[in-house]
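Participant: attaching a predicted model along with its sequence, questions to come.
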Amino acid sequence: MTVRISDDAVAIACGADAVAAAFMAAGVAVERVSSWGMQWLEPLVDIDGVGFGPVSADQVADIINGKASSLGRIADHPFIATQTRLTFARAGKTRPLSLDDYYATEGWLGLAKAREMGAQATIDTVIASGLRGRGGAGFPAGIKWQTVARANGNQKYIVCNADEGDSATFADRMVMEGDPFMLIEGMAIAGFAVGANKGYVYIRSEYPHAIAKMEAAIKLSAHLVAPFVVEVRVGAGAYVCGEETSLLNSLEGKRGEVRAKPPLPALEGLFGKPTIVNNVLTLAAVPWILTHGGDAYAAYGAGRSKGTMPIQIAGNVKHGGLYEVAFGITLGELVNDIGGGTASGRPVRCVQVGGPLGAYLPPAQFHLPLDYEAFAAADALVGHAGITVFDDTVDMAQMARFAMEFCAIESCGKCTPCRLGSTRGVETIDQIIAGKNVEANLALLADLSETMKFGSLCALGGFTPYPVMSAIKHFPEDFR
Ligand SMILES: Cc1cc2nc3c(=O)[nH]c(=O)nc-3n(C[C@H](O)[C@H](O)[C@H](O)COP(=O)(O)O)c2cc1C
Ligand code: SF4
């Protein structure tokens, strides 16, 4: 009997350590593995492929004695069986820090392939895959790599953006905690492709488990990726430090303030040297792409959104967790079929996709396919693909206020539309909520939003109008 229990932060927070200890106290060996991503079932116990969950320590004896009812085979659970897991292929199955497990599941094949085919062919493969940046902007990864490869400079860097500040997102954390060698391999491939011998993983301090796993994995795999060297850097947890130039300032030991572009980080990035800044999920997709080919990856997806996206379903939802699927699935399928509707059992009133800068969308928009272009056409954002679900008790005027206040608190202060506009925006929404000069203040808020949208230096100030104005557009009754 092999008992597997995740040591992912969510499983631990739900009591997985106590459950593992109860099995071991009963003389049963336990393997601590990565998480399947079915967070509503944590602590999830996997015994020879059959699942039990959520399990508490006092149920362990019944499970051992065959008296507990199971969830059936985990691989057949609809939440798992309907996914296309490329990046999360090992999730739930392997021990995060086991090089043996990693080797046994296609580990290091991508790096070997890259070294065999050469740097330019590696870049060409990433271009052919159509892989776009998973951090938010959706910029083609291969084009960025090509720019860095062609840039002059004897020192180049790979920076992995693991700041993961968006609400409802946790896929980067799951990669780092559950499959850290995959990320290191992706970074080493990037380093090989562009001629960079040094990589940094910038992780927020709120991710202690991810930091520990990455540091351990870097030590264990140093000889495999040499001469490429990877180091972890811990950020203090400012949302704006996820913005790439702000992140670079923070990495250099400076205040996390956004830099004006140009110059692009690809040409003048960390310490003024050509630098790839890529999200965890972007780099984590690369080993699969190199192993299976760019065309195999591009065969998944819709339109110009190629491949799969690890979607994170959270908020007031019945089945919260990580769901990896090809682009093109509709929002309604994700929220209602996969997510199972709200945890409260009340009707879904809206979802926010893409973190705090994403639009609030009503069920009338649930036909939207997950696709960068389709979302942009609806004034919405795929971003890092976090979905926050709200039921019909949500007050959308308060949510608009929250979005504006978030910007006011997190603004780096460099440009006026964001620094001052967000504070004036909160005051204006407060007036509307108080019922004072509502129509005039709504017009003022629309005007202010236009100024922030077009006048801000980065997307923090530039995209905050999207949640604010979408709340007013789709839920006008909450403002009047
Ligand atoms: C305010 C703000 C916060 C951001 N936070 C993150 C983040 O936490 N993680 C991330 O990968 N990208 C974040 N981004 C996007 C990055 O600036 C950048 O586009 C990304 O790291 C590039 O990697 P990619 O091409 O692989 O997505 C943020 C952007 C803005 C404007
Ligand atoms: S938009 Fe906001 S966060 Fe971005 S540079 Fe301007 S002040 Fe800084």
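Facilitator: Structure received. Ligands and ions are numbered 1, 2, ... in the order given.
Participant: close to ligand 2: what parts of the chain are there?
Facilitator: Neighbours of ligand 2 within the chain, by CB under 6 Å from any ligand atom: 240, 258, 411-415, 418-419, 456-458, 460-461. (Each C-beta comes from the backbone N, C-alpha and C, glycine too.)
Participant: ok, the residue of the stretch 51-200 of the chain found nearest ligand 2 - how many residues close by?
Facilitator: The stretch 51-200 of the chain approaches ligand 2 most closely through Gly165 (12.0 Å), counting by CB to the nearest ligand atom. The burial count assigned to Gly165 is 20, neighbours taken as other CB atoms under 10 Å.
Participant: give me the distance between it and Val230.
Facilitator: 22 Å (CB to CB, to the nearest Å).
Participant: also Pro262?
Facilitator: Separation of Pro262 from Val230 (CB to CB): 28 Å.
Participant: which parts of the stretch 151-300 of the chain sit against ligand 1?
Facilitator: Counting by CB under 6 Å from any ligand atom, the residues of the stretch 151-300 of the chain lying close to ligand 1 are 161, 163-165, 239-240, 242-244, 277-279, 282.
Participant: filter these down to the buried ones.
Facilitator: Using 16 or more other CB atoms under 10 Å as the burial test, those include 161, 163-165, 239-240, 242-244, 277-279, 282 as buried.
Participant: now render these as TSV, adding secondary structure.
Facilitator: Shown next, in TSV, are these (DSSP: H, G, I helix; E, B strand; the rest coil):
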residue	secondary structure
Asn161	strand
Asp163	coil
Glu164	coil
Gly165	coil
Tyr239	helix
Val240	helix
Gly242	helix
Glu243	coil
Glu244	helix
Val277	strand
Asn278	strand
Asn279	strand
Thr282	helix
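Participant: and for the residue positioned nearest the centre of the chain, nearest residue in space, chain neighbours not counted?
Facilitator: In the chain, the residue lying closest to the centroid (CA atoms, centre = their mean) is Ala171, at 4.3 Å. Spatial nearest neighbour of Ala171, chain neighbours left out: Pro310 (4.3 Å); criterion: CB to CB, 6 or more residues apart in numbering.
Participant: count the neighbours of that neighbour for me.
Facilitator: Number of residues near Pro310 (other CB under 10 Å) recorded here: 28.
Participant: residues contacting it?
Facilitator: Contacts were defined as CB atoms under 8 Å, 6 or more residues apart in numbering; by that measure Pro310 touches Thr87, Phe88, Arg134, Ala171, Met174, Leu281, Leu322, Tyr323, Glu324, Ala385.
Participant: 6 Å instead?
Facilitator: Contacts for Pro310 were tallied using CB atoms under 6 Å, 6 or more residues apart in numbering; they are Thr87, Phe88, Ala171, Leu322, Glu324.
Participant: surely the third one is in contact with Ile311?
Facilitator: Right, Ala171. No. Using CB atoms under 6 Å, Ala171 is not in contact with Ile311, being 8.1 Å away.
Participant: and the helices in the stretch 301-450 of the chain?
Facilitator: Along the stretch 301-450 of the chain, the segments classed as helices by DSSP state H, counting those that start in this stretch run 331-332, 372-377, 396-410, 416-433, 438-455.
Participant: can I assume Arg349 is in contact with Thr393?
Facilitator: No. Counting by CB under 6 Å, Arg349 does not reach Thr393; the two are 7.9 Å apart.
Participant: more crowded one of the two?
Facilitator: Arg349 (21 against 11).
Participant: how near is that one to Val317?
Facilitator: Applying CB to CB, the value for Arg349 to Val317 is 13 Å.
Participant: Asp46 now?
Facilitator: Distance, Asp46 to Val317, using CB to CB: 23 Å.
Participant: the more surrounded of those two?
Facilitator: Between Asp46 and Val317, counted using other CB under 10 Å, the more crowded position is Val317 (28 against 23).
Participant: from what I can see that one touches Phe390, true?
Facilitator: No. In this structure, Val317 is not within contact of Phe390 by CB under 6 Å, at 9.4 Å.
Participant: show me what contacts the residue of the stretch 51-200 of the chain found nearest ligand 1?
Facilitator: Of all residues in the stretch 51-200 of the chain, Gly133 sits closest to ligand 1, at 2.0 Å by CB to the nearest ligand atom. By CB under 6 Å, 6+ apart, the contact set of Gly133 is Phe139, Ala141, Asn279, Thr282.
Participant: host element of the residue nearest to Gly142 when sequence neighbours are not counted?
Facilitator: Nearest residue to Gly142 in three dimensions, chain neighbours excluded: Ile127, at 3.2 Å (CB to CB, 6+ apart). Secondary structure from DSSP states H and E places Ile127 in helix 119-129.
Participant: next helix or strand past that helix?
Facilitator: Proceeding C-terminally, helix 119-129 gives way to helix 141-150 as the next helix or strand, assigned by DSSP H and E.
Participant: which other helices and strands does that next one contact?
Facilitator: helix 119-129, helix 180-194 (3 or more CB pairs under 6 Å, 6 or more residues apart in numbering; DSSP states H and E).
Participant: looking at those helices, which one is packed in the most?
Facilitator: Most buried of the helices and strands packed on helix 141-150, by mean neighbour count (mean count of other CB atoms under 10 Å): helix 180-194, with a mean of 28.
Participant: next, the angle from it to helix 119-129.
Facilitator: Angle between the axes of helix 180-194 and helix 119-129 is 120 degrees (criterion: axes from the mean of the first three to the mean of the last three CA atoms, to 10 degrees).
Participant: re the thing from before, contacts only, for the residue nearest to the centre of the chain.
Facilitator: So Ala171 contacts Leu281, Pro310, Gln312, Leu322 (CB under 6 Å, 6+ apart).
Participant: closest to Ser69 among the residues you listed?
Facilitator: Leu322 (25.0 Å; CB to CB).
Participant: which residue, neighbours along the chain excluded, lies closest to the closest one?
Facilitator: Leu322 sits nearest to Gly37 (CB to CB, 6+ apart), 3.3 Å away.
Participant: tell me where the model's unsure across the stretch 251-400 of the chain.
Facilitator: Of all residues in the stretch 251-400 of the chain, none has pLDDT under 70.
Participant: number of nearby residues for the residue of it found nearest ligand 2?
Facilitator: Going by CB to the nearest ligand atom, ligand 2 is nearest to Val258 of the stretch 251-400 of the chain, at 3.6 Å. By the criterion of other CB under 10 Å, Val258 has 26 neighbours.
Participant: next, give phi and psi for it.
Facilitator: phi -70, psi 140 (degrees, to the nearest 10).
Participant: that one contacts Thr245, correct?
Facilitator: Yes. With contact defined as CB under 6 Å, Val258 counts as touching Thr245 (5.4 Å).
Participant: now the stretch 301-450 of the chain against ligand 2: closest residue?
Facilitator: Closest point on the stretch 301-450 of the chain to ligand 2, by CB to the nearest ligand atom, is Cys418, at 2.9 Å.
Participant: can you report how many residues neighbour that residue?
Facilitator: By other CB under 10 Å, 29 other residues sit near Cys418.
Participant: quick one, what contacts the nearest residue to Gly136 once chain neighbours are set aside?
Facilitator: Leaving out its chain neighbours, the residue that sits closest to Gly136 by CB to CB, 6+ apart is Gly383, at 4.7 Å. Neighbouring residues of Gly383 by CB under 6 Å, 6+ apart: Gly136, Gly354, Gly355, Gly358.
Participant: could you redo the last one with a cut-off of 7 Å?
Facilitator: Gly383 makes contacts with Gly136, Asp166, Val353, Gly354, Gly355, Gly358, as judged by CB atoms under 7 Å, 6 or more residues apart in numbering.
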